[in-house]
Structures are given as C-alpha cells and as structure tokens.
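Q: dropping a prediction and its sequence here:
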Amino acid sequence: MNKRVLKGSVILLLLAGLLLIPRFVESPYALHMMILLFLSVAQGQSWNILGGYAGQHSVGHAAYFGVGAYMTMMLMHSKGIAPWVGVWAGMAAVVVVALIIGSICFRLRGPYFVLASIAVAEIMRLSAINLTTLTNGAEGILATELPAFKIGATVVTDFVTKVPFYYIGLFLVVLTLGVTYWVQHSKLGYYFQAIREDQDAAHSLGINIALYKNIGLVLSAVLTSLAGSFYGIYVGFVDPPTVLGLDVSVQIMLICIIGGMGTLWGPVLGSLILVPLSEALRSNLVTDLLVKSGAVSAESRLGLFLKENLSHAHVLLYGILVVLVILFMPDGLMGFVKKLAMRRKREAV
Amino acid sequence: MRKHLLALGATLALSPCLMAQKIGVINSMSGPEAPIGENITNGIKLAEEDLKKKGVNLQLVWEDDTGKPQISMSAMEKLATRENVVGVVGPYTSACSNAVAKLAEKYHVPLLIPAAAKEEITRQGLAHVFRMNAPADKYASSLIDAATSLGKPRSIAFIYENTDFGTSTSKTAKDYVATKGIQVVADVSYPKGSADYRSTLAQIKSKNPDLVFMVSYVADAILLMRQSREVGLQPQAFLGAGAGFTTVEFAKERAISDNVISCTQWTDDVNWPGAKDFGARYKAKFGKEPTYHAACAYASMIIMAETAKASGGDRAKTRNALKAGKWNGIMGEVKFADYDGFTNQNNHHMLVQQIIAGKYETVLPAQFATKKAVYPFPKWK
Amino acid sequence: MAVFLQSLISGILIGGVYALIGIGLTLIFGVMRVINFAHGDILMVGMYLTYLIFTLLGIDPFVSVLITFPLMFLFGGFLQKVFINRVLDALAQNQILLTIGLGLIMSNTVMLIFTSDYKILTTSYSSATIKVGGGVSVSTPLLISFLITAAITAALYWFLLKTDTGQAIRATAQDRDAAQLMGINVKRMSIIAFGLGAALAGTAGALISPTYYIFPQVGSVFTLKAFVITVLGGMGSVVGATLGGVLIGITESMSAVYISSGWKDVVVFVLFLLVLLFKPSGLMGKSRT
C-alpha cells in the first residue's frame, strides 16, 4: 500500500475515534483533560506557523491569545453578544494588533526581536489591568452563562455539559493542523522556510520579507486568538495574568520546543507530554502511582516528603524537563524521532 | 467472655472507619498565595485532628489551585465528579472562590468558603455556596467606622495593590466614605512587587490626608510602612485592610508597624469559645501563631464535617443542614443567612485591632475590646 | 517641589541597584551573546545567601557582600561550564528557554527548601533616613547600597580597562573569533564573564535585601527590568548599563507620581521599544548586531 494512503487512513481512523469518544466516555474530568489537550495543541500549532516555519520566535504570543479571550468575553459580558459572533470581532481586533506589533518587532532580529515581543505582550497585560472600564481591570471578567446555540428555531446545544466544548476543541485542532499542513505544502511555506534559514539570502532572491513575515504573523495570531476565545468561553473567567501573562507565552513556546518546531506533529507530541504531566503532578497522581507500585512506601520519610511536596514541585520538574530537552534534544521530540528513523533507514541500507 | 470482648473491641475499632466523610479541600498550596494558604492548610489539619477525637473521621481530598482560578475550576470539577465528595471547603482567594462558586452550584455540591473577601461571591443567589468570613464591605465599614468613632477625619487617601483583592476592597471603601462625607484626596493602585513607593507616598503626603487606607499583603505592607516613615507621611490613622496588616511578621517590625489599625476576622484573645485554646494549640503544633485564615478554615471544616456526618454523607441533606444550622465556636456565633442581598452569608463580626507595643490588641467593637485605641497616630520617631 | 525632589532622589538611589543588575547582564550578553533569563533568579539566590549569612552568622548584609560576591562568582562559573556553554552556538530562543528552565529550577528549589514565606531582613538602620531639608529624606540603606554600587562599578571598570584578564574579556566581547586567533582562551573568558555577571547579580540582591523583601519568585520582576536597562545602555557597555539603571530608576519614580503608579511599568516598556527601534545600540553601545 502506498505510504501516503496508509498515513492518511491512520489519521482518518484517529479522527473518527476522537469524534466518537464523547459517546462512550461520560466522565467530565476525562473530557476536561481532552479539552485541555486540544487547547494546548491549537496554541502550539498556531505558534508553530510563525515560530517553527517562519523562524520568528515570538515570546509574546499571549498578546494574541489574550485579545481573543478578552474580546469575546467583554462582548458577551457587557453587551450580551453571543461568543460565536464575538469571536469574529476578536479575530478582526487581533489582525489589527498583529500588524501593529509586526511593524514594531519585525524591524528587529534575533534576541532583540524576542525581547521586543515580550515587551509588547507586557504592555498589553499592564494596559488590561489599568483600563478598568474596558476590561474590569485586575478583577477580570467572569461570565459562565453561555447563550444557547440555535440554528433557526432548534437548539443545537445549551453548553451545559462539556461535550460541545470537546467538539469545538477538536475542530480547532483539525483547523490548526490543516492550516499547518497547507502552509507546509504551499509556496507560502517555502517562502517562510527561506526566511527562516537565511533572511538576507531570501531577500536577495526577491522574496518580499516584510510581506511574508506579516502574513505568517497574522495567520498565527488569528489562530491563537481563536484558541483564546475558546479558552475564555470554556473556563468562563479571564484576567490579565491568566491570558496575557509572560508564562502563557512561554508555555505556548514550550509545547513546540519540546515537541519539535517546524514539524506538523511536533506540537501534538509536545501537548501529549506536557498536559498530562502537569495535571498528574499537580493532582498527586505520580506520588500515588509510586506508592501503589511499591517503589516507595507511603510511611517512609521519602514517601512523606514526596506526598507533601511533589505536587508543589511540578513547576520544578517543568524546569528540569526544559533544560534536558534543550541540552539533549534541541530539535524536540519530533527531531529526535526523525533522527532515529533516519539512522534506522541508513542501517537498513 | 474473652471472645465476646474481642468481638466487641473489633467492631468498635472498625466502625469509625466505615463512616469516614469524604470532603474536598481547594487551597493555594503553591504559588504566590502559598504563605497564607499554609495557614488554611494548618487550620484544616488541626480541625481534622479535633474531629477525629470527637469520633468524626475524615477522608480529605486536597487540591492545589496554585492561586489560579482556572485551576481552581479544574479542581472543583475533579472533586465533584470524580472524587464524589460530600462537600468542599475552600478556595482561598476571591478570584478562585468566585470562579468555583458557579461550578459548585452546577454540580450541587455544598461549598463553604472560609476567607475570601469579594462580596459578589455570595451575592449571586447561589444556594450551594456558603461563606464563613465577613465580606470586603465589612472590612471597609469596620475600619472607617472605627476612625470616625475615634476622631473627626475629613480626608482619606487610598493605596492598594492592583489585584482583584486590592481593587474590590478599596472600591467598597470608596463607596462607603462617600456616604460619610469624607473626601478622597488620593487613589493609587500599585503593581505588586515594586521596590520603591517613596515617590507615590511623597505625593500622598503632599495632599495631607487625615486617613490612609491600604490594601496589601505582608511584604508590600512592610515596605509601604517603612517608606511612609521615611517620607514622613503622618495621617491621623493608618488603616490596613489587607491580610498583610494582620500577620505576626508585620507586627514584629515595631519601628514601622506600631499603632497601625487593621481589621480582622479573628484574634486569639477574643472571648469566643475555644479561641484562645485554638491559638495556643496551633502555635504548639505548627510553631507559629495562627492568622485569621487558619481560624476561619478550622471553623469551616468543623462545621462542614459535622454537618456532613449528621446528614449521612448526602449532598442535598448537607446543604439543607448548613442552611438551617447554628454554631458557636472559635469564630463566635455562625449562622448562614440571607440578608441585604447576600445568600448563605455568615453575618460575622469583624474585629478592629491595633498594634500596640508590638502586640495585636482588639480595640473595637467595645464588647470584645481588650485595650483602648491609640488615636491619632503618634509622630514618627 | 518636595515631591519632585523626593521622586528624583529615590529614583537615583534605586537606579543604582538596578544598574548593578544591568551591568551583570550586559557583561554576559556582551561576551557570550547569551540572553540570560535566569539573571533575576541568580539575584534571588544572592538574596537568600545574604539572608542565611545574616540569620546564621549575624553578619550585616552590606558587610557580607565580601562573602557573597566570590560565592556567587563560583556559582555563575559552574552554571556556565555545565549548562550555558553547550548552547553558545544554538538558536537564541533555545538559549532563552534553557535559561528560563534554569531559572525555574532555581526558584522552585529555593521554594521547596525555604517555603514561599516572605523573609524580611531587618537591620537597625532599615528604616533610617537622612533628612536633607525641604521635606525630602534619603533612605540610609539605599544610600549605602548606592555608594557600594558606585565603588563596585568603578572597580569593575578598572578591572576591564587595566588588567590583562579584563582586556581579554573585552576583546572576546568585541570579536570572539579574532580574540581566539590572538591566543585568548575564549572558553575561560566565558566562564569568567558569567561568573562575574552572576556575582554582580547576587551582590545586587544582597544590597537590596535590607530595603526589600525576599521570596522565591522575586527574580522575575528584576529580569525584565535588567533587559530594559541593558538595551537602553547598550549591550556590552558597563557605563551604559550604569546610566541605564539610573535612568530607569528615575523614570519609574517620576512616572509613578506624574502619570500613575499603575502605568509606570508601561512607560518603561514603551521607552524600551523606542530605544530598540530608533537607537538599538543603546546610549553608549557600538552598533554590533
């Protein structure tokens, strides 16, 4: 069988499986974890377009995530505008914001670009805190009552269970993966990669650097803002540190770095590792597992210490993971996997 | 005979274990709010011990929300749907509590919030959400009333951290002083963690306020007072409406904390049943004095656990019992009532205290006072 | 007028401490082109070290700088040799992530050991002031930190200009390859530079501890500020970082009064972007992208 057809059918099977999960899995907690996973993948894929393919490593993507989240929530909370309408306003706003940020940041290269992207996101976060009439400032916006989604006169869903959120999340994943695939196989993708590899050479070949950088940014920003809007309506609460904070930007980048930048499946891999790991650590699953498996006795000093502290230590473990990946797997897991595959090919020959 | 005794002994030993109440706890155990979250953890641990002595066995499920509302919501989801707890005590911060309240209502899980200040939380008509502590408007009114009862202040300056807690507490205070005819001469919200407030304090000093109303946590509270002393800010009273002004660390800094007036939900020398004893036992067990958060958490857990046991571990029955019940413990009389737009709010008496000679002394209301207040604020040495 | 003078003076004094943080960062970036996101966390380690020395040995924080400086130098050298060295030629954002990871490890390890409790160092002169007249007062501990910072900056400048090692470091910062061709052990220079940068950051932590408070996450506030200062002053310029630090201190202090306390950080970031756009080499830097 043709390799492409094989790959394609595996993906279709996977998609079918994911579509059917809510039929069989009732636990809201499990659905919640899947939704978090989808959100993470969507965020990672969106960043990947600008950072992985076009090589512009923005550490300020929280700006776009936050604009999407805030626009949707502000419109819903103060004007009662349904989120599926508000989301378009969010995207429009983010296009404007992205172009402004691009005009500032794209004049800079390397570490200066990174620092500028951070500064811009911080300015947005601080503005959100100070513009209280618009954003309710530090108190944030709490809006958990979503209007029912109707087509004509029939109610499709009233958002009481997690299932509609699951499907929206899945849709975002498919969308972002699809856009990434399209970028990767189009001329646009080639321009991006040329800019990434050597901007000056690309320029000398006649590629309009400013145009393509901005296209990459706008694409990336719009997708990130969609993820932000989704986050807002799912969680029902946004405030400046949660959606505009530096750690949001770092988290988004982390997904791609660990998974592998500039690859189609990198962010998926990164999310598959980071999301369960973070939740498992936070909720003491790891300690429980260690105790159950008998590796550590619950009463021993080590056991007690772990029980007390491991959940607090999840950030510490994050840090260690980051250091290990950067030092030993700088191309992320996808890069590592690809290297292994290539080595095996070579040996097979 | 011996066989009978053995059987009896075995049954007695086993029966408590069969009736352990599964209660969830959501708390900020790591992250920026961890230092205060620790007090809540300790208060609950002490409650767990005391409850065991009374024959109420608990199976506590601890969830760390790291101070973030969205994680608090995940924790609540887990407790409500996976762990199937009877009820939940927590969270700590206002932002987390507000976020979790709606979920508690959705899943019909009784939620007892021990120490969150934001009024809105119990103003939403949520039948399953109960709050132990007095809300933010009480912080403001207690302090302002104390000042107006001790002197005749005409102007007030506000300085508060630009977080949910700082902004909402000062908002209620601003509304209150408007009704009292006190003029607001300065309104400064500062980003947490600044190293230098001197220029801002100098500016406030130039406006000559009679009262300075502050909302901060410990570290900023100490810095603000130190730098107030440096620039020579000399109002009639410093009113500290934040957790930062009620901690032992703050009181220790005598050069800058003496005579600061603050309000609190609880002190260890108030004459509520068991309060002094709780304070002593807490100090013996954890090596430091409890803050009001510990007392609120302790009382909340005692009430939640006893109610859950009496209701046979049923959520609906527990909720009804919480609504109908009346308790008298280290937090004084507790009754969750509906009044003034609040639902299931314990109409708790706030205590106004002042640091006199390095110790917290309750100065108002008169029936709980141990010392007379020092007013106006003495000149800085 | 009193308000203006008070703002100016406290801005200058706190700017001195900022300058010390910025100088450390600029050395590291100048010599290695590494964006050190763990700089604030290194400062935090310096603060805790000072705290330990103060509470366990009873040594005044300003005096303990003599102990903290060499210890932090060794710590910095260790970080460089074991971690940073491996990413010297990697992508900028890999370096950033590595240092972010190291910073996370540092702050969370400290949190596990010391808990998140705020620690306050109270010395006999913590709230002491010198009244300068006109209603303006100068914080004594801040003044002392400023003077010590000035001394350290002068000493550093002398080191870089007059000693062989110092000149070797400057050569490496100017052109790494050329320096290597001239026989300079650039690897060693990197270790020394990072060690120095860490020592300066740790010392800044020690100097600020009598007037601030100590907790594990204190680093993040200072890291961003340090970057603004270094860019403003010019990456790699010690004098530039000094000027930049004082300038940022004054800007913050004045903005808090004349604009608003809430917007003062935005002013700093806007200033940062303007410098990046219109004079990226900073006040004193030479163009060296």
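A: Looks like it came in fine. This is a predicted model, so every value here is computed, not measured.
Q: name the element the closest residue to C:Phe37 other than its chain neighbours belongs to?
A: Closest residue to C:Phe37 apart from its sequence neighbours, by CB to CB, 6 or more residues apart in numbering or on different chains: C:Thr99 at 4.1 Å. (Glycine included, C-beta is placed from N, CA and C.) Element membership for C:Thr99, per DSSP states H and E: helix C:92-114.
Q: would you mark the buried spots in that helix?
A: For helix C:92-114, a neighbour-count test (16 or more other CB atoms under 10 Å in any protein chain shown) marks C:92-112 as buried.
Q: got phi/psi on B:Asp258?
A: Main-chain torsions, B:Asp258, degrees, to the nearest 10: phi -60, psi 140.
Q: what's near enough to touch the nearest residue to it once chain neighbours are set aside?
A: Closest residue in space to B:Asp258, ignoring its immediate chain neighbours: B:Ile355 at 5.4 Å, by CB to CB, 6+ apart. Neighbouring residues of B:Ile355 by CB atoms under 8 Å, 6 or more residues apart in numbering or on different chains: B:Phe250, B:Ala251, B:Arg254, B:Ser257, B:Asp258, B:Asn259, B:Val260, B:Ser262, B:Glu361.
Q: buried ones among the residues you listed?
A: By neighbour count, with 16+ other CB under 10 Å, the contacts of B:Ile355 hold B:Phe250, B:Ala251, B:Ser257, B:Asp258, B:Asn259, B:Val260, B:Ser262, B:Glu361 as buried.
Q: closest one of those residues to B:Ser228?
A: Nearest to B:Ser228 among these is B:Val260, at 9.8 Å by CB to CB.
Q: next one: the closest one from A:Ala16, what distance?
A: Separation of B:Val260 from A:Ala16 (CB to CB, to the nearest Å): 66 Å.
Q: swap in A:Leu269?
A: Counting by CB to CB - A:Leu269 and A:Ala16 are separated by 21 Å.
Q: all helices of the stretch 51-200 of chain A, in order?
A: Using DSSP state H, counting those that start in this stretch, the helices of the stretch 51-200 of chain A run over A:62-79, A:83-105, A:110-130, A:132-135, A:163-185, A:187-197, A:199-204.
Q: for chain C, which of the ones you listed is the nearest?
A: Among the helices of the stretch 51-200 of chain A, the nearest to chain C by CB to the nearest CB is helix A:110-130 (4.5 Å).
Q: on that earlier part again, can you put the helices of the stretch 51-200 of chain A in CSV and add distance to B:Ala202?
A: Listed next are these as CSV, based on distance: least, CB to CB, whole Å:
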stretch, distance to B:Ala202
helix A:62-79, 34
helix A:83-105, 35
helix A:110-130, 22
helix A:132-135, 25
helix A:163-185, 51
helix A:187-197, 51
helix A:199-204, 49
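Q: which of those helices is buried the deepest?
A: Highest mean neighbour count among the helices of the stretch 51-200 of chain A (mean count of other CB atoms under 10 Å in any protein chain shown): helix A:62-79, with a mean of 26.
Q: got the confidence number for B:Ile303?
A: Note on B:Ile303: pLDDT of 95.
Q: grab the nearest non-local neighbour of C:Ser126.
A: Nearest residue to C:Ser126, sequence neighbours excluded (CB to CB, 6+ apart): C:Pro210, at 5.4 Å.
Q: narrow the contacts of B:Ile355 to those in helices?
A: Assignment to helices by DSSP state H places the following of these there: B:Phe250, B:Ala251, B:Arg254, B:Ser257.
Q: determine which two of those are furthest apart.
A: Using CB to CB, these reach their maximum pairwise distance at B:Phe250 and B:Arg254, which is 10.1 Å.
Q: coming back round to it: my guess is the residue nearest to C:Phe37 contacts C:Gly40, does it?
A: No - C:Thr99 is beyond contact range of C:Gly40, at 10.4 Å (criterion: CB atoms under 8 Å).
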